[in-house]
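Q: Okay, sequence plus prediction incoming.
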Amino acid sequence: AEVADRVPLIWLHMAECTGCSESLIRGDTPTVDTLIFDYISLEYHETLMAGSGWQAEARLSEAKQQYAGQYLLAVEGAIPTANGGHFLTIGPHGHTGLDMVHETAENAAAIVAVGTCASFGGVQAAAPNPTGAKGVDKVIHQPVVNLAGCPPSEKNIVGTLMYFIMFGKLPPLDMFNRPKWAYGARVHDNCERRGHFDAGEFVETFGDEGAEDGYCLYKMGCKGPYTYNNCPTERFNHHTSWPVLAGHGCIGCSEPNFWDTMADFEKP
Ligand code: SF4
Ligand code: SF4
Ligand code: F3S
């Protein structure tokens, strides 16, 4: 294999909504153009690459050989496993997403699951999970870093890629294989409404006086006390806002199986 001058990145799309890619392109430290022109070489990404059709598929198989053992693999989306994986096929030959992940993971230097779908199955895996959707680490044997969140913030994605590029290894992880630098703190502990929680000042219905005064959203279903993520400190979209600042409780989107375990989102 050739030695790459920038870290090659192969990004696969499985069963997903592309919200995680939308998050990626809003990166600002560095911006996505700096990221893909100066630090990584984006070999394959179905929604960002210029090539399409057979050229795109050819590039994927070339890159896997050319940079074997050196490329980073990012997977966005859950992997459907029922019916032999045939709920998701990509390319002209009915190639399943499951096969694609197996084949691409084989020679990857490191594997990152981007988003809650790729980390834990996400909404596709919510009961009754008709497609047998699973997180990446349930279908391969290699270690996987879970960048949980629906979507994860651009900082959590880019920061983890940059950590690998700078240090040549992956960052320390928590019990769900999420990087501790991003998921080490509880949402509730850094929330700007926390003073109101401690004072017993709660929003009782959306639009009431407490809502106008920025009271705590716990009684409106906020799952911040059960959720680990850096949304309150890092925020989204160039540090503009995050769910609780915007007026809705946290729905626990970076926790495993939150669709089943933390719904209903507007009840405590
Ligand atoms: Fe979309 Fe959320 Fe899945 Fe990302 S984790 S692909 S934003 S549903
Ligand atoms: Fe905790 Fe949610 Fe209240 Fe913030 S709004 S203090 S995260 S319960
Ligand atoms: Fe998700 Fe809760 Fe942050 S819903 S985006 S972890 S505030």
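A: Now that the structure is in, tell me what you want to look at. Numbers count the residues shown, from 1 in each chain. Ligands and ions are numbered 1, 2, ... in the order given.
Q: Can you give the domain ranges for this structure?
A: Structural domains annotated on the chain: 7-183, 187-261, as defined by automatic domain parsing.
Q: Tell me if the longest one is near ligand 1.
A: Put plainly, it is domain 7-183. Yes - under the criterion of CB under 6 Å from any ligand atom, ligand 1 is reached by domain 7-183 at 16-17, 19-20, 76-77, 115-117, 122-123, 150-151. For every residue, glycine as well, the C-beta is placed using N, CA and C.
Q: Would you mind giving the dihedral angles phi and psi of the closest residue to ligand 2 within the stretch 101-250 of the chain?
A: As assessed by CB to the nearest ligand atom, ligand 2 sits closest to residue 224 within the stretch 101-250 of the chain, at 2.3 Å. Dihedral pair for residue 224: phi -50, psi -30, per degrees, to the nearest 10.
Q: Report the contact partners of it.
A: Applying CB atoms under 8 Å, 6 or more residues apart in numbering to residue 224 gives the contacts 186, 187, 188, 191, 217, 218, 244, 249, 250.
Q: Could you tell me which of the residues you listed are located in helices?
A: Counting by DSSP state H, the contacts of residue 224 place residue 244 in helices.
Q: Near ligand 3, list only the ones from the contacts of residue 224.
A: Contacts with ligand 3 within those, counted by CB under 6 Å from any ligand atom: 187, 244, 250.
Q: Tell me the one among those residues nearest to residue 196.
A: When the ones next to ligand 3 among the contacts of residue 224 are compared for distance to residue 196 (CB to CB), residue 244 wins out at 11.0 Å.
Q: Could you measure from that closest one over to residue 174?
A: Going from residue 244 to residue 174 by CB to CB, to the nearest Å gives 21 Å.
Q: Same drill for those two, tell me which one is more crowded.
A: residue 244 (22 against 14; other CB atoms under 10 Å).
Q: who's in contact with residue 246?
A: By CB under 8 Å, 6+ apart, residue 246 lies in contact with nothing.
Q: And for residue 103?
A: residue 64.
Q: how far away is the spatially closest residue to residue 251 that is not a sequence neighbour from ligand 1?
A: Spatially, and ignoring its direct neighbours in sequence, residue 251 is nearest to residue 265 (4.7 Å; CB to CB, 6 or more residues apart in numbering). The spacing between residue 265 and ligand 1, counted by CB to the nearest ligand atom, to the nearest Å, is 14 Å.
Q: Next to ligand 2, which bits of this structure? Give me the list.
A: 187-188, 191, 193-194, 197, 216-218, 222, 224-225, 244, 249-250.
Q: Out of these, flag the one nearest to ligand 3.
A: Nearest to ligand 3 among the residues of the chain next to ligand 2, counting by CB to the nearest ligand atom, is residue 250 at 3.1 Å.
Q: before we move on, back to that, make a markdown table out of the domains of the chain and add mean pLDDT.
A: Shown next, in a markdown table, are these (pLDDT from 0 to 100):
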| stretch | mean pLDDT |
| --- | --- |
| domain 7-183 | 95 |
| domain 187-261 | 97 |
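Q: Alpha carbons of stretch 207-216, in CSV - could you do that?
A: The C-alpha atoms that make up stretch 207-216 are tabulated as CSV, following Å, rounded to 0.1, in the frame of the first residue of the first chain:
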residue,chain,number,x,y,z
GLY,A,207,-45.5,29.0,26.7
ASP,A,208,-46.2,29.7,30.3
GLU,A,209,-44.5,32.5,32.4
GLY,A,210,-41.8,30.0,33.6
ALA,A,211,-41.0,29.2,29.9
GLU,A,212,-40.6,32.9,29.3
ASP,A,213,-38.3,33.2,32.2
GLY,A,214,-36.1,30.2,31.2
TYR,A,215,-37.2,27.9,34.0
CYS,A,216,-36.2,24.2,34.1
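Q: can that stretch be found next to ligand 3?
A: No - judged by CB under 6 Å from any ligand atom, stretch 207-216 makes no contact with ligand 3; its nearest approach is 13.6 Å.
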